[in-house]
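Undergrad: after the sequence you'll find the predicted model.
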Amino acid sequence: MVTLNSTEVLNTVVPETGHGNHSEDSPFLSSADAVKKTDFYDRNLALFEEELDIRPKVSSLLSRLVNYTNITQGAREHEEAENTETLRRKSPNMGTLMGVYLPCLQNIFGVILFLRLTWIVGTAGIVQSFLIVLMCCSCTMLTAISMSAIATNGVVPAGGAYFMISRSLGAEFGGAVGICFYLGTTFAAAMYILGAIEIFLKYLVPQAAIFHASDHHGGDSAILNNMRVYGTICLSLMAVVVFVGVKYVNKLASLFLACVIISIVSIYAGAIKSVFQPPDFSICMLGNRTLVRDQFDVCSKTVLEGNVTVPSQLWRNFCSSGNMSSPQCDDYFNQNNVTEIQGIPGLASGIIRDNMWGDYREKGQILEKAGLPSVDVHGAVESIGLYVSADIATSFTLLVGIFFPSATGIMAGSNRSGDLKDAQKSIPIGTILAITTTTLVYFSSVVLFGACIEGAVLRDKFGDAVSKNLVVGTLSWPSPWVIVIGSFFSTVGAGLQSLTGAPRLLQAIAKDNIIPFLRVFGHGKANGEPTWALLLTGLIAELGILIASLDMVAPILSMFFLMCYLFVNLACAVQTLLRTPNWRPRFKYYHWALSFLGMSMCLALMFISSWYYAIVAMCIAGMIYKYIEYQGAEKEWGDGIRGLSLSAARYSLLRLELGPPHTKNWRLIIMFFVSLDLHVKYPRLLTFVSQLKAGKGLTIVGSVIQGQFLDSYGETQASEQAVKNMMEIERVKGFCQVVVASKVREGIAHLIQSCGLGGMKHNTVVMGWPYGWRQSEDPRAWKTFINTVRCTTAAHLALMVPKNVSFYPSNHERFTDGTIDVWWIVHDGGMLMLLPFLLKQHKVWRKCKMRIFTVAQMDDNSIQMKKDLATFLYQLRIEAEVEVVEMVHSLIRMGSLYSDEEEEVVEPVADKIQMTWTKERYEAERRNRNNAPENFRELMSLKPDQSNVRRMHTAVKLNEVIVNKSHDARLVLLNMPGPPRNTDGDENYMEFLEVLTEGLERVLLVRGGGREVITIYS
């Protein structure tokens, strides 16, 4: 033995290697590399030299990990990611402010704030608007907490919500939610484009409209057609910009963000200025009705020109004659006065009291101001277009759906995790601060709008009452144009960002290869730009453009984002409750109850905002889930659903361990032995087992390889794979277990003893018949068979032996008629009754009828037996024909074959024959025996204590009866006699079984396990 003291170890010279950063092709050292590269540590780590041949040094592993700025979690483990060179990126240098906070602000603030928040406040009132903002922002805040926990539990590459959900809840949930997130982002692009076009056509260049309304009825369709045309043009231009150079979109992002911030600051500046000097935006009221301001110049019925009073433009709009002496005017115009009120009374005006409560309107209903004097008479229909009216019917739920997109965009930080210095610190802080900031802005905006702007103006969606000005622009300082131009550029920028992000999300889903029909969208240009995904995104966005209404598109994308947020919360809750070892988020301020609350709020908001859209979104997600489940690629991502399955399995197994299952809960749990050469020897056995599985049981396919485990490990793996492939072909759901043993019978005994877990241990053994055992010079095959029978008996397991298995039907065959015959000789716990019922659940055997035969012996009343058996089957709820077969012989009892005892049989006396057997029939049986062939009579003349003779006689007679009755049956089930206790009679036992089943096409020998498996009770 060589020993080194500590000084010698410390003084050992180690060559200079530069931190051990070797030019390795993989993080693991091959055995060839070990020879070249391990000279310097072979003396220090000699104890681990075998491991170092195949495993990396700690220094080597760490140096490779440190060189990665964004390690794709499990790139080598479960994603087969790109080469390691593509994972090396420039050093990340973005902090919380630039990397998370500002991008989240840019994504959250959007078109709804500028175009719809004033209208929401006017329609719902300050109180209900507060509630809407609180609901939506609470939902996103709870989701952000859950997202922060997931995002800090390891590295999150690009893909954001999709990556987090798929790796937390599995490929099925991930794919479904990924598609929902993609559709939400795509419809968000459509919404931003529609917002930009609305600003362009309503407030920037109204004269650019192509379609014009011929009357007030055609106004809506003209507006929608204009939106469709310009929206399509804008979408096409944006798609070209994204296709040509996405880098320009990213460079302009800061400009678009500046537009948003300047616009918001101008609103606050205008609100503060309104305390001292409210902006001059007057609105004209006829009675208590609001008038469209751009259709007349002076808010008066008459004007003074020189010294003459003449009708005003407003008069001429309502009156068909310009002559004031004999006017033909609208009745409402005649009976009500025209008044002019301030549209922006200012923060100190007290208008907030009037705007506290909602004023929901039906479509076409004229906007009115409560408190102004008005004579309520019907005016002319032609005058409707002169009033400001509601363009859609409003309700609280509709407003929730329209506002919710203003709260989305919280995933922007997690999508940039690769560019952050410390993603696990920046993502939670930046996201939560951004949501807090935007929530405060929304709350303060609700109050400021309600406190500064007249209610009639707030409810005027398009600013008709204030000369077609953007309503929020009327409050801003120094000019309404600040808001108009700022909001236009911010919506264009948000649309470009959505068109940039959505194709990359689709490409990430396609590259994961979990949805087969999306594979084509994983390809793109040489530089990786997702060309095909961009094309599909443009087509889907065009559908949103064709809807043409911002108020109709907003609830659609609300549904998809809410679905996404719901599953983010679910993912966090599941991971937290499961307490999986890998769940170690750096963000500590989360709780499963908060996640469940967020999930509940998402679900509630979905149905509050639009129940039918919610159902459609859930159906889309459900269909994608089922599609991935049945057709998608198998992915093992260590997801939470797998962990949930493990926890549920553990809980269930512990519950099952409390005691044996009740007879009503008994399930067929099969241990099926297969013989392996290079493949499964009798695949039809597997087919038969799969047909029995209609009872929703479990199958364990076992096999034994003869040899030593250390030498046969590779062969074991190959055998297991062969069995699994055959199980997949035959659609057998279950497990595979291959063991290595020095003897096959020992391996089978080990499997019988050790397979299964807790309450899920097998209760039935299925094995094939040893064909050709008579001709075989090696008796081990049939001796192994009999030994297995003995083992199952000792273990109190049921046993099934299908004979002539090559004649058994495949899963593609159908029996349109025929019978399944059961020969019930001895009671076996009900297995013989249950097995045909299970087989008839399968489509192959479904149309077969069931017949039950039982044998009456000398002291049995066959008539009463038939009645009792029919009653028993009725109580078992099993439909079957019943027949009692009468057999008698002075030397034979049925127990002689179905008994393990070498018992003495006493010859019955004629005067003791009872019931249906008569003395004449007994004598006839004796005469028949005397007329038997010579050799058989010689066999029967042997003494009754020769049990083999008696058993063979029983087998022959019983076989005659079975063949006579069941020669054309599709399947015959009969009790399997037990093996003799003395092993000297094993060969005779095999002969008995051969004689018993001779002449039958398909036979299933069944031996019960000693417990009841069927009951008459409910």
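TA: Thanks, I have it. Numbering: from 1, shown residues only.

Undergrad: find the centremost residue of this protein, please.
TA: By Cα atoms, centre = their mean, the chain has its centre lying nearest to Phe173, at 3.3 Å.

Undergrad: how about the secondary structure of it?
TA: Three-state call for Phe173 (DSSP: H, G, I helix; E, B strand; the rest coil): helix.

Undergrad: what comes up buried for the helix or strand containing Thr699?
TA: Thr699 belongs to strand 698-706 when assigned by DSSP states H and E. Using 16 or more other Cβ atoms under 10 Å as the test for burial, strand 698-706 gives 698-705. From N, CA and C alone the C-beta is placed, and that goes for glycine too.

Undergrad: surely the residue nearest to the centre of the chain touches Gly622?
TA: No: applying Cβ atoms under 8 Å as the test, Phe173 and Gly622 come out as separate, 10.9 Å apart.

Undergrad: got the CA positions of stretch 988-1003 in PDB?
TA: What follows is stretch 988-1003, C-alpha atoms only, in PDB (Å, rounded to 0.1, in the frame of the first residue of the first chain):
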ATOM      1  CA  ASN A 988     -48.900 -37.500 -15.700                       C
ATOM      2  CA  TYR A 989     -50.400 -34.100 -14.800                       C
ATOM      3  CA  MET A 990     -49.400 -32.700 -18.100                       C
ATOM      4  CA  GLU A 991     -51.000 -35.700 -19.800                       C
ATOM      5  CA  PHE A 992     -54.200 -35.000 -17.800                       C
ATOM      6  CA  LEU A 993     -54.300 -31.400 -19.100                       C
ATOM      7  CA  GLU A 994     -53.700 -32.500 -22.700                       C
ATOM      8  CA  VAL A 995     -56.500 -35.100 -22.600                       C
ATOM      9  CA  LEU A 996     -58.900 -32.700 -20.900                       C
ATOM     10  CA  THR A 997     -58.400 -30.000 -23.600                       C
ATOM     11  CA  GLU A 998     -58.100 -32.300 -26.600                       C
ATOM     12  CA  GLY A 999     -60.200 -31.500 -29.600                       C
ATOM     13  CA  LEU A1000     -61.000 -27.900 -28.500                       C
ATOM     14  CA  GLU A1001     -59.900 -25.000 -30.700                       C
ATOM     15  CA  ARG A1002     -59.500 -22.200 -28.100                       C
ATOM     16  CA  VAL A1003     -59.200 -23.100 -24.400                       C
END
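
Undergrad: roughly how far is it from the heart of the chain?
TA: Relative to its chain's centre, stretch 988-1003 lies at 52 Å (Cα atoms, centre = their mean, to the nearest Å).

Undergrad: tally of neighbours for Gln737?
TA: Gln737 is flanked by 18 other residues according to other Cβ atoms under 10 Å.

Undergrad: no wait, Leu539
TA: Leu539 is flanked by 12 other residues according to other Cβ under 10 Å.

Undergrad: and it, what element?
TA: Following DSSP H and E, one finds Leu539 within helix 531-547.

Undergrad: the helices in the stretch 251-400 of the chain, which residues?
TA: Along the stretch 251-400 of the chain, the segments classed as helices by DSSP state H, counting those that start in this stretch run 313-318, 331-335, 396-403.

Undergrad: with just CA atoms, put the shortest one into CSV.
TA: Pointing back at helix 331-335 there. What follows is helix 331-335, C-alpha atoms only, in CSV (Å, rounded to 0.1, in the frame of the first residue of the first chain):
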residue,chain,number,x,y,z
ASP,A,331,-90.6,69.2,-32.0
TYR,A,332,-87.9,68.7,-29.5
PHE,A,333,-85.9,71.6,-31.0
ASN,A,334,-89.0,73.9,-30.7
GLN,A,335,-89.7,73.1,-27.1
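
Undergrad: other SSEs contacting that helix?
TA: Using 3 or more Cβ pairs under 8 Å, 6 or more residues apart in numbering; DSSP states H and E as the contact test, no helix or strand touches helix 331-335.

Undergrad: at 10 Å instead, please
TA: Applying 3 or more Cβ pairs under 10 Å, 6 or more residues apart in numbering; DSSP states H and E, one finds that helix 331-335 contacts helix 313-318.

Undergrad: the first one too?
TA: Applying 3+ Cβ pairs under 10 Å, 6+ apart, we find helix 313-318 packed against strand 282-286, strand 302-305, strand 308-311, helix 331-335, strand 338-342.

Undergrad: same thing with the last one?
TA: Applying 3+ Cβ pairs under 10 Å, 6+ apart, one finds that helix 396-403 contacts helix 111-115, helix 117-151, helix 550-578, helix 592-609, helix 611-631.

Undergrad: list the contacts for the closest residue to Val704 other than its chain neighbours?
TA: Leaving out its chain neighbours, the residue that sits closest to Val704 by Cβ to Cβ, 6 or more residues apart in numbering is Gly747, at 3.2 Å. With contact taken as Cβ atoms under 10 Å, 6 or more residues apart in numbering, Gly747 is in contact with 673, 702-706, 738-741, 784.

Undergrad: return the distance of the helix holding Leu539 from the chain's centre.
TA: Centroid separation between helix 531-547 and its chain, computed with Cα atoms, centre = their mean, is 26 Å.

Undergrad: picking up where we left off before, just the helices and strands packed on helix 313-318: most buried one?
TA: Neighbour counts (mean count of other Cβ atoms under 10 Å) averaged over each of the helices and strands packed on helix 313-318 peak at strand 282-286, with a mean of 22.

Undergrad: if you average the pLDDT over it, what comes out?
TA: Across strand 282-286, pLDDT averages out at 89.

Undergrad: now do that strand: distance to the chain's middle.
TA: Mean C-alpha position of strand 282-286 versus that of the full chain (Cα atoms, centre = their mean) differs by 56 Å.

Undergrad: partner strands of that strand, parallel or antiparallel?
TA: strand 289-290 (antiparallel), strand 338-342 (antiparallel) (DSSP bridges).

Undergrad: can you put these in JSON lines and add distance to Val822 and mean pLDDT?
TA: Shown next, in JSON lines, are the strands paired with strand 282-286 (distance: least, Cβ to Cβ, whole Å; pLDDT from 0 to 100):
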{"stretch": "strand 289-290", "distance to Val822": "87", "mean pLDDT": "89"}
{"stretch": "strand 338-342", "distance to Val822": "94", "mean pLDDT": "89"}
